[in-house]
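Colleague: Sequence and predicted structure are below.
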Amino acid sequence: MTLVETPRFTPHAIDHPSEPLKALKFLRTLVRNPLETWPRALFEEPVLRLAMAGRPVLFVMDPALVEDVLVARAAIFPKAPIIQRTIGAAVGTKSIFTAEGADWRWQRRASSPPFRHEKILGFVPAMTAAADAAVARLEGQIAGAGAGTPIDMAEAMMATTFDVIVETMLSGKGGFDIERFGAEITHYFDTIGWVAALAVLRLPRWIPYPGKRRARAGNRFLKAEMARVVAERRAHPSVTPDLLDFMIQASDPETGRAMTDAELADNLLTFVVAGHETTALALTWALWLTANSPSVEQRVLDEISSVAGEAPVDAAAADRLVYTKQVIQEAMRLYPPAPLIPRVASEDTVLGTETVKARTPVYVPVYAIHRHAALWTNPDSFDPDRFSAEASKGRPRGAYLPFGAGPRICIGASFAQIEAVVIFATMLRKLKFASVPGHRPKPNTRLTLRPEGGLPMTVARR
Ligand code: HEM
């Protein structure tokens, strides 16, 4: 038998600079899109030392060194100060995402029950229902605006995964204004380039920059919404405990103290934002990549029909949609929703052949590792077969890390993967997505990896 190679879809890649950018250009680009400051060497070398505003930053791409930083010696490489400045400013410096040591450990333990495997499987009907609702909304939009009218799939996916997070982690309670919620998150994220630039220049936080007031007001709105949910829950506890109840009931084993209302609100905001934005982006990029790869799309459709027939995609089916999961994995390789994992050396140390002084930022550039010339063949091409059991054999763990690694690995990793497969399969079997001719979505890092200006696609019924 002769194997016929189907041409692989290779999305237009960013033209990364061959040399590190000079000071002014670096800062201008950092504000617009941090990803475009990344020099090509990040995609070719095992490690790279860059100077940012005269200060060294070590980028680590070699999978063995990545494991050393994130897993083996995680204790001496805590989260970098830039996290406190960007995420801490929004959700406090002592919440599950930002805290360190014992402060972090008990919050992680307190939040774990809803993420156990059996519990996640119980959430699958809510995921299917959110996907069905998304299909109905899109059909409504097509009926209203006409089949050829582009629809922003990034926005559609945000609304869908938001439904899932509120339904599964807050028992459907909250009464949020989803559109306002999404808009305020975007306002905040839009200023991240400025926050990063000020941090690089070691300038104080009070310095004004475009969008700062709106971002602050947005953050106050988000926190107030969370505080309202916490107060309502204190007054009316759930019959079946959800994430918020677990966090309310938890106490620190060392001090015996419980979370204050402000801490609960910060953690809730962390979960709602981290728990829907990232998965929505994985789905958005997966839909777009698949729409450009007819053979991949056909294999997914064939798999869904052989695994689920006409029935809804339930927990058992989700488990058997092996190729569909590979498509999601490959989408997250090319477009990792969390493109950078920033750490800092807390003491003088050595990493491979590099001497690292205490307080040196040590960055794990997931986006570059996922497209690294030494780790992947045709790194910029979309090929879900890379994630078959056979092809994955022997791949070092540090070569693929959409969810991070080590003690701070994403608490929602399994949840997100099952959710993405269920929503993707449920939508794809009912709707046909097509990219808008001539439109080249450009990834932009705003903490997460978003398509700049959204991702318009046309949608039609199958
Ligand atoms: C495709 C979807 C997702 C991606 C790509 C993703 C990615 C990540 C990454 C890379 C980290 C580690 C950051 C670091 O080490 O600095 C992380 C942490 C975290 N994620 Fe996710 N995430 C996703 C979905 C979710 C979901 C569904 C939830 C919750 C429902 C969630 C909640 C969190 C939380 C709370 C943390 C902090 C954990 C800790 O520090 O202990 N994420 N995520």
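Modeller: The structure has been received and is ready for your questions. Numbers count the residues shown, from 1 in each chain.
Colleague: From now on I want contacts and neighbour counts done on CA atoms only, so please keep to that.
Modeller: Noted.
Colleague: next SSE after the longest helix belonging to the chain?
Modeller: Counting residues, the longest helix found in the chain (DSSP state H) is helix 212-235. Remark: after helix 212-235, the chain's next helix or strand is helix 243-249, criterion DSSP states H and E.
Colleague: buried sites along that next one?
Modeller: 243, 244, 245, 246, 247, 248 (16 or more other CA atoms under 10 Å).
Colleague: picking that back up, which elements pack onto the longest helix of the chain?
Modeller: For helix 212-235, the packing partners by 3 or more CA pairs under 8 Å, 6 or more residues apart in numbering; DSSP states H and E come out as helix 178-190, helix 261-274.
Colleague: Show me what the first one packs onto, helices and strands only.
Modeller: Counting contacts by 3+ CA pairs under 8 Å, 6+ apart, the secondary-structure elements packed against helix 178-190 are helix 153-169, helix 212-235.
Colleague: same thing but 10 Å
Modeller: helix 153-169, helix 212-235, helix 261-274, strand 443-446 (3 or more CA pairs under 10 Å, 6 or more residues apart in numbering; DSSP states H and E).
Colleague: So which of the ones you listed is nearest the ligand?
Modeller: helix 261-274 (4.7 Å; CA to the nearest ligand atom).
Colleague: low-scoring stretches of this structure, by residue?
Modeller: 1-6 (pLDDT under 70).
Colleague: Residues of it that sit close to the ligand?
Modeller: 96-97, 108, 271, 274-276, 278-279, 282, 337-338, 341, 402-404, 408-413, 415-416 (CA under 6 Å from any ligand atom).
Colleague: Out of the buried residues of helix 243-249, which comes closest to residue 347?
Modeller: Closest approach to residue 347 among these (CA to CA): residue 247, at 33.1 Å.
Colleague: any idea how far the closest one is from residue 255?
Modeller: According to CA to CA, to the nearest Å, residue 247 and residue 255 sit 16 Å apart.
Colleague: same check, this time on residue 95
Modeller: Applying CA to CA to residue 95 and residue 255 gives a distance of 16 Å.
Colleague: show me the contacts for the closest residue to residue 172 other than its chain neighbours.
Modeller: Closest residue in space to residue 172, ignoring its immediate chain neighbours: residue 166 at 5.1 Å, by CA to CA, 6 or more residues apart in numbering. Counting by CA atoms under 10 Å, 6 or more residues apart in numbering, residue 166 touches 172, 173, 174, 175, 176, 271, 272, 275, 276.
Colleague: Show me which pair in those is furthest apart.
Modeller: 175 and 275 (17.4 Å).
Colleague: who has more neighbours, the two?
Modeller: Using other CA atoms under 10 Å as the criterion, residue 175 and residue 275 rank with residue 275 on top: 23 against 9.
Colleague: need the contact list for that one.
Modeller: 161-162, 164-166, 169, 269, 410-413, 415-416.
Colleague: Relative to residue 217, which of those is nearest.
Modeller: residue 269 (15.0 Å).
Colleague: Thought residue 220 was touching that closest one, still the case?
Modeller: No - with contacts counted by CA atoms under 10 Å, residue 269 stays clear of residue 220, the gap being 11.2 Å.
Colleague: Please enumerate the shared neighbours of those two.
Modeller: Common neighbours of residue 269 and residue 220 (CA under 10 Å, 6+ apart) are 90, 226.
Colleague: So if I had to pick from these two, which one is more boxed in?
Modeller: residue 269 (22 against 14).
Colleague: which residues touch that one?
Modeller: Counted by CA under 10 Å, 6+ apart, residue 269 has contacts 90, 91, 95, 219, 222, 223, 224, 225, 226, 227, 263, 275.
Colleague: got it, and residue 301?
Modeller: By CA under 10 Å, 6+ apart, the neighbours of residue 301 are 295, 307, 324, 425, 428, 429, 430.
Colleague: Wait, a strand at it?
Modeller: No - residue state for residue 301 (DSSP: H, G, I helix; E, B strand; the rest coil) corresponds to helix; a strand is not indicated.
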